[in-house]
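I'll drop the sequence and a predicted model, then ask my questions.
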Amino acid sequence: MKYVSLCIILLLSSVLFSQQHKAFEALDVFELEYAGDPQISPDGTVVVYRRTGFDIMKDRSKGNLWMIHSDGTNHHKLTSFNGNESQARWSPDGTKIAYVASTSDGSELFVYWIASGTTAKLSQLENSPSGLSWSPDGKWLSFSAMEYVAPPVITSMPKKPKGAKWAPAPRITDRFKHEADGQGYLKPGFRHIYVISSEGGTARKITSGNFNHGGSLSWSQDAQQIYFSGNRNENWEYDFRNSEIYSVHTQTGIIKALTDRNGPDNNPIVSPDGKKIAYIGFDDKVQTYQVTRLYTMNIDGSGKKEIITNLDRSISNIQWAADSKTLYGTYDDKGNSKIAQVTLSGKTTKLADDLGGTTLGRPYASGSYSVSNNGTIAFTYSQPDRPADLGILYAKGKQPKIRTQLNEDLLGYRTLGKVEELWYTSSYDGRKIQGWIVYPPFYEEGKQYPLLVENHGGPILNYGDRFSAEIQLYAAAGYVVFYPNPRGSTSYGEEFGNLLYNNYPGQDYDDVMDGVDACLAKGITSEDQLYVTGGSAGGIMTAWMIGKNNRFEAAVVAKPVMNWISKTLVADNYYGYANSRYPGQPWENFEGYWKFSPLSLVGNIETPTMVMVGMNDLRTPPSEAKQLYHALKIRKKETVLVEIPEASHGIAARPSNLITKVNHTLAWFKKFTK
């Protein structure tokens, strides 16, 4: 009798569990939120951050500022405003927060007073501000914004008769860079630096000339200079890989260059004692991938010195410690983002893992942090089963305290796919290659599942053990998902990342296929259950793979480059490939560009292939996807073209498009499931 009762209890428990715990579903995407841009107060007691989610009615992301004490108490929305808010920055004395909010008149600067909880609008700007920064005395705010100019005029038209409906005037440009993916046509103009009183008034432009000025802005201790990065060289348009650190006098507008090497110099940060500037960059060797390094110089530009670390990883997002003796920064290592402390002698200490969680689509590196005067760090903390929450790492603390649970109301009742790290050996040269396997929710040990290979973009990027809505949706549909970091991926050092120099796609193909074989060896899938997809560089790899073998049941090639010759001269970054990717321009190296074009292999493709692209994609234009689709149609191979309206290269920027991408991929694969 007891045995029967126990069985009934277990059965009821199983039923209740199955009712309460479900796999991740498409509409859940709209409910996701994440913490971004955490800014900790100077005394380390309070954090303000941007809480971002999606508006299901407008199909857009939305973000408001929230405040929480660093001990996890008093969590509340900063203002009653329901529009977008961003760029929160504490005043040096910790009594005010400056931020940007979108109004019906555009984006404006606001200040929030901590003691009273009141808010005031400071500005009336023509264009949106970025790079918001306080002066050390708290009297001024600096920011950068575009100043637009009239386009060139070649000829004039006769006067239009009253009431006539003529065609729109032609769009004319004579600029080297005139469009950008996600933005479309770029109105002619230049980015300048402005200052405005922290009590409000008229913003004053302090830079001049037909150059772009911006990036992060940092003030001198006496508030007389602002340091920024830009390129004011005569040939700046064609010298696009280069930038320098400059100072601009806030009263006279006099600009001085503090660096002069060939290569990017960015992110200048003045030390709290006002004596030094830290910045990042490298000497440009003109290759596919170069590690970004850390430097310091005296406030006048003298005494430049590289801070030699043992990382062999790119350092970014640098900040000074309050004592001006150490620096903080972030780096990616083996697919995981870290926060570290670096002394001026180069000793590097890792402080925290798992920075990220602010890109919800695929598991790319992301995230940010800030440091208080007492060394307490606020950062975006993510795990494979959660987007970013707010993490607090106290000075000399060993483990962070997680102070928010933004998605517990949704994901607490969802069973997500388990993410497992996989290391395997390259058959080409014996290198160790890293990837991840994501198992379906409610995975049954010993059972074989269809394997979905997800190739990352870039290719100079990395996937990692981070939350991904797309991959969790694939797993929820019953696939074991494998996503690798083949050679050329970042977070494994400069030599590994640069293996694609004049060789892309190359042996990165072997690395991916070796990973597929490693999954087969684990017994989790079988040879007749293989599927492959990827977007951008991942789309290139997917097209390359099905051109090199016929092992996959079906493929989805998203926003690919099929023909490097046509892509290079049509894309928004048309100027960026010669010599750093392939030798010379396309007309100088036709054979080389064609050799690495997946279109050269299209005659081999037998795999049923869906081709997908955003109709407004300027990075890998729709004409590239159509070349694959048209070639397969001519060859009478099973194929379909999916064109997503109003979508740029980042197809999944709108949540409905993310769902569209995933659902079409799954529907195509299901069609070819045995």
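Received it, and whenever you're ready, just let me know what you need.

show the contacting residues for the residue nearest the centre of the chain.
Per Cα atoms, centre = their mean, the C-alpha nearest to the average position across the chain is that of Ser366, at 5.7 Å. Residues near Ser366 by Cβ atoms under 8 Å, 6 or more residues apart in numbering: Ser337, Gly356, Gly357, Thr358, Thr359, Thr380, Ala388, Arg466. C-beta here means a position set from N, CA and C on the backbone, and glycine is covered the same way.

which of those lies closest to Gln221?
Among the contacts of Ser366, Thr380 lies closest to Gln221 (Cβ to Cβ), at 29.9 Å.

average model confidence for the helix or strand hosting the closest one?
Following DSSP states H and E, one finds Thr380 within strand 377-383. Strand 377-383 shows an average pLDDT of 97 in the prediction.

give me the pLDDT for the closest residue to Met297 other than its chain neighbours.
In this structure, Met297 finds its nearest non-sequential neighbour in Lys304, 4.4 Å apart by Cβ to Cβ, 6 or more residues apart in numbering. The score at Lys304 is 97. That number is its pLDDT.

how close does Lys304 sit to Lys205?
Distance from Lys304 to Lys205, counting by Cβ to Cβ, to the nearest Å: 29 Å.

list the beta-bridge partners for the residue nearest to Val556 when sequence neighbours are not counted.
Take Val556 and drop its neighbours on the chain: the residue closest to it by Cβ to Cβ, 6+ apart is Thr533, 4.1 Å away. Judged by DSSP bridges, the bridge partners of Thr533 are Glu454, Val556.

Thr533 touches Thr542, doesn't it?
Yes. With contacts counted by Cβ atoms under 8 Å, Thr533 reaches Thr542, the gap being 5.9 Å.

overlap in contacts of these two?
Counting by Cβ under 8 Å, 6+ apart, the shared contacts of Thr533 and Thr542 are Asn455, Ala555, Val556, Val557, Ala558.

out of those residues, which is most surrounded?
Val557 (34 neighbours; other Cβ atoms under 10 Å).

show me the contacts for that residue.
Residues near Val557 by Cβ under 8 Å, 6+ apart: Thr533, Gly534, Gly539, Thr542, Ala543, Ile546, Thr609, Met610, Val611, Met612, Ala625, Leu628.

now, those residues that are in helices?
Assigned to helices by DSSP state H, the following of the contacts of Val557 qualify: Gly539, Thr542, Ala543, Ile546, Ala625, Leu628.

residue ranges of the strands in the stretch 1-150 of the chain, please?
Ranges of strands in the stretch 1-150 of the chain, per DSSP state E, counting those that start in this stretch, are 34-40, 46-55, 60-69, 76-77, 85-90, 96-103, 106-113, 119-121, 130-134, 140-148.

buried deepest among those strands, which one?
When you average the neighbours per residue for each of the strands of the stretch 1-150 of the chain (mean count of other Cβ atoms under 10 Å), strand 34-40 leads with a mean of 25.

burial count for Asp465?
Asp465 has 20 neighbouring residues, counting by other Cβ under 10 Å.

quick one: it and Ile437, what's the gap?
Asp465 sits 11 Å away from Ile437, going by Cβ to Cβ.

need the overlap of contacts for these two.
Joint contacts of Asp465 and Ile437 (Cβ under 8 Å, 6+ apart) are Val419.

give me the neighbour count for Ser427.
Applying other Cβ under 10 Å, we find 14 residues neighbouring Ser427.

hang on, the earlier thing: return the closest of the ones in helices among the contacts of Val557 with respect to Tyr227.
Among the ones in helices among the contacts of Val557, and counting by Cβ to Cβ, the member closest to Tyr227 is Gly539, at 39.9 Å.

ok, that closest one - contacts?
Taking Cβ under 8 Å, 6+ apart, we find Gly539 in contact with Asn455, Gly457, Val557, Ala558, Lys559, Pro560, Val561, Thr620.

leaving out the residues flanking it, which one is nearest to it?
Excluding the flanking residues, the one nearest Gly539 by Cβ to Cβ, 6+ apart is Pro560, at 3.4 Å.

check contacts around Thr173.
Applying Cβ under 8 Å, 6+ apart to Thr173 gives the contacts Pro151, Pro152, Tyr185, Pro188.

my bad, Gln39
By Cβ under 8 Å, 6+ apart, Gln39 lies in contact with Val47, Val48, Tyr49, Ala88, Arg89, Trp90, Ile97, Ser370, Ala378.

and Glu179, backbone torsions?
phi -150, psi 160 (degrees, to the nearest 10).

wait, it touches Arg171, no?
No. Using Cβ under 8 Å, Glu179 is not in contact with Arg171; the gap is 10.3 Å.

if we can go back for a sec, kindly calculate the angle that the strand holding Thr380 makes with strand 46-55.
Counting by axes from the mean of the first three to the mean of the last three Cα atoms, to 10 degrees, strand 377-383 lies at 40 degrees to strand 46-55.

after strand 377-383, which helix or strand is next?
Counting by DSSP H and E, the next helix or strand C-terminal to strand 377-383 is strand 386-393.

okay, now the sheet partners of the helix or strand following that next one, with direction.
For strand 386-393, the following helix or strand on the C-terminal side (DSSP H and E) is strand 401-402. Here strand 401-402 is paired, per DSSP bridges, with strand 386-393 (antiparallel).

what's the mean pLDDT across the partner strand?
The pLDDT scores in strand 386-393 average 98.

which residues are contacting that strand?
Under Cβ under 8 Å, 6+ apart, the answer for strand 386-393 is 32-36, 38, 47, 49, 68, 70, 72, 339, 351-352, 354, 356-358, 360, 366-367, 376-382, 399-407, 411, 467.

then stretch 186-193?
Here stretch 186-193 makes contact (Cβ under 8 Å, 6+ apart) with 142-151, 173, 175, 177-180, 205-214, 217, 226, 228, 248.

how far away is the residue lying closest to Tyr148 once chain neighbours are set aside from Ala150?
Closest residue to Tyr148 apart from its sequence neighbours, by Cβ to Cβ, 6+ apart: Gly189 at 3.7 Å. According to Cβ to Cβ, Gly189 and Ala150 sit 9 Å apart.
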